[in-house]
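Trainee: Any chance you can model this:
(chains A, B, C and D)
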There are 2 protein chains.
Amino acid sequence: MVKENPSLHGQETENSGAAKAVRGPGRRLHGAIAHKLGMAILSGHYAPGDVLSGEVAFAEELEVSRSAYREAIQVLTAKGLVESRPKAGTRVLPRNRWNLLDPEVLAWAFAGEPDIQFVRDLFELRAIVEPAAARLAAQRRDKDDLKIMKDALSAMRRHTLATEAGRAADRDFHNAILHATRNDALLVLTASIGAAVNWTTQYKQRARALPRNPIPDHVRVYDAIAAGDPAAAAEAMGVLVDLALEDTASAMQR
Amino acid sequence: MVKENPSLHGQETENSGAAKAVRGPGRRLHGAIAHKLGMAILSGHYAPGDVLSGEVAFAEELEVSRSAYREAIQVLTAKGLVESRPKAGTRVLPRNRWNLLDPEVLAWAFAGEPDIQFVRDLFELRAIVEPAAARLAAQRRDKDDLKIMKDALSAMRRHTLATEAGRAADRDFHNAILHATRNDALLVLTASIGAAVNWTTQYKQRARALPRNPIPDHVRVYDAIAAGDPAAAAEAMGVLVDLALEDTASAMQR
DNA sequence: ATCTGCTAATTACTCCGACATATTACAGGA
DNA sequence: TCCTGTAATATGTCGGAGTAATTAGCAGAT
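Mentor: Residues are numbered from 1 along each chain as shown, chains lettered A, B, ... in the order given. Down below sits the predicted model:
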């Protein structure tokens, strides 16, 4: 299809909520559509039960082919956000059908203004899972695990959490703990949560300079795991998550 | 590099396509393809790093159009199982990219012979999350929650776990607890795990008659939650999960 | 001999238009 | 009023054509 040169007469079609979804490099067109629609659903623009416009109409509105639109819908269907049936159309599913732990869904949820209650839920889940993971890690870690954690810790010391490199080191530290549990389910779960929580740390940074030095807390966790003390590891990790929740909560409520 | 897969296609000379991916009612063609390929990946028939045949070749092999095949691939991509790039083809991603907690992925994982280690991982996760959920439920439940749990319990008593109605009541009981936590993330997570674990209970049934009456354990959980005693609720739920793991483990290792 | 930049081939990506299928809604009859 | 058959409508499937992007190979320069 040849794109027409945007001429002088107005952009009445753009204003009806059909602004073109820009796609970065490596991102396909249908991926961009899915991203756009996913954010629209997560942000509440489309509520559960709402039925989307027909394929032909919506595809035309987005200025994409029906194929690309359909592939985007399949992505959303795979994540439990919508359901399509002949004659009935495509409707948004109730919230309990959504795969809220899917990394992409989490990214969409945090793309706009994240729901405070949902952030609290995630931290609560994290407060349940991560101390237990630290407990298991203290029992099952080997020398390689400890070395990776140690390296991540020193990297966190060099850069701060204000830099991307520092946050990456923080993620590496937590991932090393997860890996040391030898539990794939735990690994996948907390990788998702960690990614989501990482968005909130950006909010923390934006709100104010770091009020607390997070290194000592991390060191306590490391020491307990290295010593093979499960109870102490769980305890130390519990403190760490609590502090993170406290910081994030105070940064978000205003 | 599996290029040809005799077990997946073939027998196209059959009448009415007996060997094709059968799709039940309500299941679309691309959904059936995704199901088929998903199981093939989860079962290890395609290993991480393997590159699938080209779109045209594979679609022809499956006797479906390229559109249907592509939509199926989008589903797998959305679940983190594969990744497609021009010129490079579609390749299976490493296991840590898979969304193992996606309900559909879990179903695929348990469609064939489930990996024992993975089952143990899931139970370990369940043993972490469910007692914590019971603890929260004991703090936050209201009268409606308790009524639903009570009804589910009596339904479990009437039918046994040997019947589908009994298992449904069991699921209702656990879902009621999750709902009482007022935590959406927890709800979604344990709904997935519970569904997967439910597959294993079928294995239990198949192996032998139920060696234990599960009702008293459930009653203990209910009593603790009704009494608003978080510690006792977590303790009782921990016992329940441990017993379930014990039964399943003994049933699987024969 | 090694590296850099261009060219070409391959592959997924997008678009299009048509037909098939399933589900709902309505109308007609008992 | 209820049931049944029929028609309308939106999703589902198909096949082909053309586009865009990425990799591999080759030529030239360093």
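Trainee: C-alpha only now, for contacts and for neighbours.
Mentor: Noted.
Trainee: and residue A:77, what helix or strand is that in?
Mentor: helix A:66-78 (DSSP states H and E).
Trainee: Give me the buried positions along the next helix or strand along the chain from that helix.
Mentor: Next helix or strand after helix A:66-78 toward the C-terminus (DSSP H and E): strand A:82-85. Within strand A:82-85, the residues scored as buried using 16 or more other Cα atoms under 10 Å in any protein chain shown are A:82, A:83, A:84.
Trainee: Now tabulate those residues in TSV and tack on pLDDT and distance to chain B.
Mentor: Formatted as TSV, the buried residues of strand A:82-85 follow (pLDDT from 0 to 100; distance: Cα to the nearest Cα, whole Å):
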residue	pLDDT	distance to chain B
A:82	98	13
A:83	97	11
A:84	96	10
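Trainee: Need the residues you listed in JSON lines (columns: distance to DNA strand C).
Mentor: Formatted as JSON lines, the buried residues of strand A:82-85 follow (distance: Cα to the nearest atom of the strand, whole Å):
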{"residue": "A:82", "distance to DNA strand C": "15"}
{"residue": "A:83", "distance to DNA strand C": "12"}
{"residue": "A:84", "distance to DNA strand C": "10"}
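Trainee: Now tabulate those residues in TSV and tack on distance to residue A:59.
Mentor: Shown next, in TSV, are the buried residues of strand A:82-85 (distance: Cα to Cα, whole Å):
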residue	distance to residue A:59
A:82	16
A:83	17
A:84	15
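Trainee: packing partners for the helix holding residue A:77?
Mentor: helix A:29-42, helix A:55-62, strand A:82-85, helix B:66-78 (3 or more Cα pairs under 8 Å, 6 or more residues apart in numbering or on different chains; DSSP states H and E).
Trainee: Ramachandran coordinates for the closest residue to residue A:165 other than its chain neighbours?
Mentor: Nearest non-adjacent residue to residue A:165, counting by Cα to Cα, 6 or more residues apart in numbering or on different chains: residue A:159, 6.6 Å away. Taking degrees, to the nearest 10, you get phi -80, psi 160 for the backbone angles of residue A:159.
Trainee: I figured residue A:22 hits residue A:34, correct?
Mentor: No: using Cα atoms under 8 Å, residue A:22 is not in contact with residue A:34; the gap is 11.7 Å.
Trainee: Pick out whichever of those two has more residues nearby.
Mentor: residue A:34 (22 against 12; other Cα atoms under 10 Å in any protein chain shown).
Trainee: For the more buried one, list the residues it contacts.
Mentor: A:72, A:73, A:75, A:76 (Cα atoms under 8 Å, 6 or more residues apart in numbering or on different chains).
Trainee: Output those residues as TSV; include the columns pLDDT, neighbour count and distance to DNA strand C.
Mentor: Shown next, in TSV, are those (pLDDT from 0 to 100; neighbours: other Cα atoms under 10 Å in any protein chain shown; distance: Cα to the nearest atom of the strand, whole Å):
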residue	pLDDT	neighbour count	distance to DNA strand C
A:72	98	26	9
A:73	98	27	12
A:75	98	27	12
A:76	98	25	15
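Trainee: so can I have JSON lines of these showing distance to residue A:127?
Mentor: Output for these, formatted as JSON lines (distance: Cα to Cα, whole Å):
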{"residue": "A:72", "distance to residue A:127": "34"}
{"residue": "A:73", "distance to residue A:127": "34"}
{"residue": "A:75", "distance to residue A:127": "31"}
{"residue": "A:76", "distance to residue A:127": "29"}
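Trainee: Out of the residues you listed, the closest to chain B would be?
Mentor: If you rank the contacts of residue A:34 by distance to chain B using Cα to the nearest Cα, residue A:75 comes first, at 5.5 Å.
Trainee: so which helix or strand takes in the residue in the stretch 101-250 of chain A that DNA strand D sits nearest to?
Mentor: At 19.8 Å from DNA strand D, residue A:104 is the closest residue in the stretch 101-250 of chain A, using Cα to the nearest atom of the strand. Secondary structure from DSSP H and E places residue A:104 in helix A:103-109.
Trainee: Could I get the average pLDDT for that helix?
Mentor: For helix A:103-109, mean pLDDT rounds to 94.
Trainee: Please list the residues outside it that contact it.
Mentor: Contacts of helix A:103-109 (Cα under 8 Å, 6+ apart): A:35, A:38, A:39, A:42, A:43, A:79, A:99, A:100, A:115, A:192, A:195, A:196.
Trainee: again, only using 6 Å
Mentor: A:39, A:42, A:192 (Cα atoms under 6 Å, 6 or more residues apart in numbering or on different chains).
Trainee: who touches stretch A:52-59?
Mentor: Contacts for stretch A:52-59 (Cα under 6 Å, 6+ apart): A:65, A:66, A:69, A:90, A:91.
Trainee: Same question for that stretch: list its buried residues.
Mentor: Here stretch A:52-59 shows A:55, A:58, A:59 as buried, counting by 16+ other Cα under 10 Å.
Trainee: For the first one, give me the pLDDT.
Mentor: Looking at residue A:55, its pLDDT is 95.
Trainee: Over to the last one?
Mentor: Per-residue confidence at residue A:59 stands at 97 (pLDDT).
Trainee: quick one: it and residue B:73, what's the gap?
Mentor: Note on residue A:59: its distance to residue B:73, by Cα to Cα, to the nearest Å, is 20 Å.
Trainee: same thing with residue A:213?
Mentor: 46 Å.
Trainee: What's the local residue count around the residue nearest to residue A:156 when sequence neighbours are not counted?
Mentor: Nearest non-adjacent residue to residue A:156, counting by Cα to Cα, 6+ apart: residue A:166, 5.1 Å away. The number of residues packed near residue A:166 is 20, by other Cα under 10 Å.
Trainee: quick one: secondary structure of residue A:166?
Mentor: helix (DSSP: H, G, I helix; E, B strand; the rest coil).
Trainee: The helix holding residue A:77: how far from the chain's middle?
Mentor: Relative to its parent chain, helix A:66-78 has a centroid offset of 21 Å by Cα atoms, centre = their mean, to the nearest Å.
Trainee: which residues touch that helix?
Mentor: Here helix A:66-78 has contacts from A:30, A:33, A:34, A:59, A:83, B:71, B:75, B:78, using Cα under 6 Å, 6+ apart.
Trainee: Extract the CA atoms of that helix and return them as CSV.
Mentor: Taking C-alpha atoms only, helix A:66-78 is exported to CSV below (Å, rounded to 0.1, in the frame of the first residue of the first chain):
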residue,chain,number,x,y,z
ARG,A,66,-6.1,-7.3,8.7
SER,A,67,-3.3,-10.0,8.9
ALA,A,68,-1.1,-7.8,11.1
TYR,A,69,-4.1,-6.9,13.3
ARG,A,70,-5.1,-10.5,13.7
GLU,A,71,-1.6,-11.6,14.6
ALA,A,72,-1.6,-8.9,17.3
ILE,A,73,-4.9,-10.2,18.6
GLN,A,74,-3.5,-13.7,18.8
VAL,A,75,-0.7,-12.4,21.0
LEU,A,76,-3.3,-10.8,23.3
THR,A,77,-5.3,-13.9,23.3
ALA,A,78,-2.3,-16.0,24.2
